[in-house]
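Visitor: Sharing a model prediction with you, sequence too.
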Amino acid sequence: MEIQEEFTTIESIFVRHRNALLVRGQFTSIYTDYYLHLMQHSIRPPAEPDQMLKDMLALLTLHLVARPWAETIAWTANLRAPRINLFVTGSSIEESVTGRVFTEDVREPDRNFFYSQTTTVESNEPRLSTMEVIGKDPVGWISQYYEQSEQRPARAFRLDDENFALIAAQPDCDLEWLEALDEAAVAKLLETEETSVLETRRFRFHCGCTLDRILPILGGWKDRLDDLFGDAETINIQCPRCAGRYEVTRDMLV
């Protein structure tokens, strides 16, 4: 089944007199393609991790738009209960986000940890950040992440109809106003504040993995095919980024 991904438009808006950046988008298209991807590969994550991953896909997309263009960012949440890893990654250059839930062979931490890796086109050395997060709501993690890693206040909001918004402080931001915002106020922000659109970007749910890209991962097994396949003629390999499943035969590795 060939999935024709649809793009979601993300707006970057400056809130005048408050000196804040509003990034917002409606994520139905990305969620639809995410579920088509799950159906194509016969993947059925548990309901709670599934919703958390969807939230992280939306929040990462907004964060990418709040950041410079030439970055690829990956977030991983290692949670204690439920014991899962949530992984999302995206790039403004590739105009895509993807992700998956890990439920098997997950290390159990004593606390919930959040890992961020940012890579730019100018440098092959990623910028890494690790922090403990409180709670299980990805929306609530954003303030913690921005305070530690971005070193500026920011808040994220889950709105109606699969809309999300991120509001990040700029120099001389009205921090009292930012702290007092709630979902209702954010939903009406364009009516109550003077704003100007800075830019729009577009994103889709897309990994780009193919069998040809997956096979080199198994290159080290060419001389140990019996160890890899056992008595079977085929094995299934999962993409580490999106959990896409690919059938590999012995002949493919010879």
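Guide: Okay, I see it.

Visitor: Measure how buried Pro109 is and give me the count.
Guide: Pro109 sits with 12 neighbouring residues when counted by other CB atoms under 10 Å. Just so you know, the C-beta spots here come from the backbone N, C-alpha and C atoms, and that holds for glycine as well.

Visitor: contacting residues around it?
Guide: Going by CB atoms under 8 Å, 6 or more residues apart in numbering, Pro109 touches 78-80.

Visitor: again, only using 6 Å
Guide: Going by CB atoms under 6 Å, 6 or more residues apart in numbering, Pro109 touches 78, 80.

Visitor: Can I take it that it is in a helix?
Guide: No - looking at Pro109 with DSSP: H, G, I helix; E, B strand; the rest coil, it is coil, so not inside a helix.

Visitor: any idea how far it is from Met52?
Guide: Counting by CB to CB, to the nearest Å, the gap from Pro109 to Met52 is 16 Å.

Visitor: Over to Pro126?
Guide: Pro126 sits 24 Å away from Met52, taking CB to CB as the criterion.

Visitor: do Arg224 as well
Guide: In this view, Arg224 and Met52 are 37 Å apart by CB to CB.

Visitor: And for Ala154?
Guide: 19 Å.

Visitor: ok, now Trp75?
Guide: The gap separating Trp75 from Met52 is 12 Å, by CB to CB.

Visitor: Same check on Asp110?
Guide: Asp110 is 20 Å from Met52, by CB to CB.

Visitor: Compare neighbour counts for the two and give me the winner.
Guide: When neighbours are counted by other CB under 10 Å, Met52 comes out ahead of the other of Asp110 and Met52, with 22 against 7.

Visitor: could you list every residue that touches the more buried one?
Guide: 86, 138.

Visitor: any idea whether it is helix, strand or coil?
Guide: With three-state DSSP as the basis, Met52 sits in helix.

Visitor: and what of Gly208?
Guide: Gly208 ends up coil, using three-state DSSP.

Visitor: What confidence value was assigned to it?
Guide: With respect to pLDDT, Gly208 has a value of 92.

Visitor: again, but for Asp227
Guide: The model's pLDDT for Asp227 equals 87.

Visitor: count of residues packed around it?
Guide: For Asp227, the neighbour count with other CB under 10 Å is 8.

Visitor: where's it, which helix or strand?
Guide: Secondary structure from DSSP states H and E places Asp227 in helix 225-229.

Visitor: With Glu199 instead?
Guide: Using DSSP H and E, Glu199 falls within strand 195-205.

Visitor: now for that strand, which elements pack on it?
Guide: For strand 195-205, the elements it packs on are strand 8-15, helix 28-40, judged by 3 or more CB pairs under 6 Å, 6 or more residues apart in numbering; DSSP states H and E.

Visitor: got the buried residues for the helix or strand that comes right after it?
Guide: Downstream of strand 195-205, the next assigned helix or strand under DSSP H and E is helix 211-214. Within helix 211-214, the residues scored as buried using 16 or more other CB atoms under 10 Å are Ile214.

Visitor: contacts for helix 211-214?
Guide: Residues outside helix 211-214 that contact it (CB under 6 Å, 6+ apart) are 237, 246.
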